[in-house]
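Peer 1: quick one, fold the following:
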Amino acid sequence: MLCQPLPLRDFTAPKETSIEKRRKRNRDAMRRARVRQHSVVENLKTAVATLENELQALQTGRGLNSVEVNAEVLNKETLVVTRENIFPDDQTRFHTFYLLFRVSTKDGFIIGTRSLNLSELGGVDRSLVAEQERNKKVINALYCFIFTRTMARDPQRGGLVEVGCNVKLGGRIGNGDVQYAHTVLMDVLPTTLRWEHLCVRPLLSLTS
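Peer 2: Now for the predicted structure:
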């Protein structure tokens, strides 16, 4: 009696289908995207912290101390803020009481600052306002950062995608003096340059 050998089972792994391969590629792409996003967020946190430290050192070295306090949150788009710029050399105080707000536009948004005139507000103690104006120089200001989205066509999907933004700064300030104007002017330029260097791209790059 002859014994027939049993057929050998194929224990090799089944081949991946095209759908499984596509799902695996998508998972790998999402994992890489999360890693890049985490890296970008950490870089932005570091850049913001560095910028704040540099600006604080810059202001302190020039004899200017700035104190800013959030007085009230009106809604998620509007804050009431009070701010004082103090010059220790001559004990001059510049006081600003203002709204900090954000407004959406069709292609971006606006972050604005509008000072409030305490003498024109209802429910304010006039004697306190008069005393404050004697001891401090009240500053009237209106300025805005205007962010406009930059769109480009995605060659793969065919639609428009956001690739960046343009930023404009404009406004006016009054009721200050020459010293305050010089201080603000010297703040705006280095702040803008540092922000662009850290958050957009280096202003100067060395190539071999």
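Peer 1: if I look at the nearest residue to Arg114 once chain neighbours are set aside, how far off is Thr150?
Peer 2: Residue nearest to Arg114 in three dimensions, not counting chain neighbours: Leu99, with 4.9 Å by C-beta to C-beta, 6 or more residues apart in numbering. Every C-beta, even on glycine, is put in place using the N, C-alpha and C of the backbone. As defined by C-beta to C-beta, to the nearest Å, Leu99 lies at a distance of 28 Å from Thr150.
Peer 1: burial of the residue nearest to Gly174 when sequence neighbours are not counted, as a residue count?
Peer 2: The shortest distance from Gly174 to any non-neighbouring residue, by C-beta to C-beta, 6+ apart, is to Asn140 (4.8 Å). For Asn140, the neighbour count with other C-beta atoms under 10 Å is 15.
Peer 1: I'd say Asn140 and Leu116 touch.
Peer 2: No: using C-beta atoms under 8 Å, Asn140 is not in contact with Leu116; the gap is 9.2 Å.
Peer 1: show me the strands paired with the strand or helix carrying Ala141, marking each as parallel or antiparallel.
Peer 2: For Ala141, the host element (DSSP states H and E) is strand 140-153. Under the criterion DSSP bridges, strand 140-153 sits next to strand 108-115 (antiparallel), strand 160-174 (antiparallel) in its sheet.
Peer 1: redo the ones you listed as CSV? Include mean pLDDT.
Peer 2: Shown next, in CSV, are those (pLDDT from 0 to 100):
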stretch, mean pLDDT
strand 108-115, 89
strand 160-174, 82
